[in-house]
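*Asks:* Attaching a predicted model along with its sequence, questions to come.
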2 protein chains.
Amino acid sequence: MGIRHIALFRWNEGVTPEQVEHVEELLGKLPGAIPELKSYSFGADLGLGAGNHDFAVVADVEGESGFLAYQNHPDHQAALAVIKPMLADRAAVQFTV
Amino acid sequence: MGIRHIALFRWNEGVTPEQVEHVEELLGKLPGAIPELKSYSFGADLGLGAGNHDFAVVADVEGESGFLAYQNHPDHQAALAVIKPMLADRAAVQFTV
């Protein structure tokens, strides 16, 4: 069973483009470090919709074990440690694909 | 430029499984009706994460024109008319893939 994990972030006031670039650098290394990631995409909102969140991450994994391996991977945890203080809001869903 | 559109929904209290099934039926018809949809996935949250939203839609389109064609398509508008009264919250992002 394929699982698609989605997380949408709204940044705090004052988060800088450099901080977002650093997040992108950290996330960009995850596919190479986490074999359970079947596909991985992320990026900043394009400003096409009013009231949108600021950033999205989409991770496709195989089964709950793949999802847990991604979640608990030290490189993912390190990225979360950078992201969490930047967050005003986070919305997430995992569903089958 | 590929665009990935994501919308996460939190349903109102009292939304029934039958209502969610009806949403899935309506969304399931969109790829056949909207040629601009390069890929389309949706589904209910699996309950793997505390505080998650309830449902996700992921639409891949080509460029802003593809996104607008999807947004404004009558079948998509008809699905939104069913979805909107069910919503307690909606989070969305469009980003390049």
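*Replies:* Nice, thanks for sending it over.
*Asks:* how close does residue A:39 sit to chain B?
*Replies:* Using C-beta to the nearest C-beta, to the nearest Å, residue A:39 is found at 10 Å from chain B. C-beta coordinates here come from the backbone N, C-alpha and C atoms, glycine included.
*Asks:* is that residue in a bridge, and if so with what?
*Replies:* Beta-bridge partners for residue A:39, by DSSP bridges, are residue A:60.
*Asks:* before we move on, which element is the residue nearest in space to the middle of chain A in?
*Replies:* In chain A, the residue lying closest to the centroid (C-alpha atoms, centre = their mean) is residue A:57, at 3.5 Å. Here residue A:57 sits within strand A:55-62, counting by DSSP states H and E.
*Asks:* Pull out the buried positions in that strand.
*Replies:* A:55-61 (16 or more other C-beta atoms under 10 Å in any protein chain shown).
*Asks:* Can you show me the CA trace of the helix or strand following it as PDB?
*Replies:* For strand A:55-62, the following helix or strand on the C-terminal side (DSSP H and E) is helix A:63-72. This file holds the C-alpha atoms of helix A:63-72, laid out as PDB (Å, rounded to 0.1, in the frame of the first residue of the first chain):
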ATOM      1  CA  GLY A  63       3.300   1.300   3.900                       C
ATOM      2  CA  GLU A  64       3.200   2.400   7.500                       C
ATOM      3  CA  SER A  65       6.700   1.100   8.000                       C
ATOM      4  CA  GLY A  66       8.000   3.300   5.200                       C
ATOM      5  CA  PHE A  67       6.300   6.300   6.700                       C
ATOM      6  CA  LEU A  68       7.700   5.600  10.200                       C
ATOM      7  CA  ALA A  69      11.200   5.100   8.700                       C
ATOM      8  CA  TYR A  70      10.900   8.500   7.000                       C
ATOM      9  CA  GLN A  71       9.500  10.200  10.100                       C
ATOM     10  CA  ASN A  72      12.100   8.800  12.500                       C
END
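*Asks:* which helices and strands sit right next to the next helix or strand along the chain from helix A:63-72?
*Replies:* Downstream of helix A:63-72, the first helix or strand assigned by DSSP H and E is helix A:74-83. Packing partners of helix A:74-83 (3 or more C-beta pairs under 8 Å, 6 or more residues apart in numbering or on different chains; DSSP states H and E): helix A:17-28, helix A:30-33.
*Asks:* mind checking which of these is nearest residue B:77?
*Replies:* Within these, the stretch nearest residue B:77 is helix A:17-28; the backing value is 32.9 Å (C-beta to C-beta).
*Asks:* picking that back up, please name the residues that touch the residue nearest to the centre of chain A.
*Replies:* A:5-9, A:27, A:40-42 (C-beta atoms under 8 Å, 6 or more residues apart in numbering or on different chains).
*Asks:* One more pass at 7 Å, please.
*Replies:* A:7, A:27, A:42 (C-beta atoms under 7 Å, 6 or more residues apart in numbering or on different chains).
*Asks:* Tell me which residues are up against stretch A:66-83.
*Replies:* Contacts for stretch A:66-83 (C-beta under 7 Å, 6+ apart): A:3, A:5, A:9, A:22-23, A:26-27, A:29-30, A:33-34, A:36-37, A:59, A:61, A:94, B:48.
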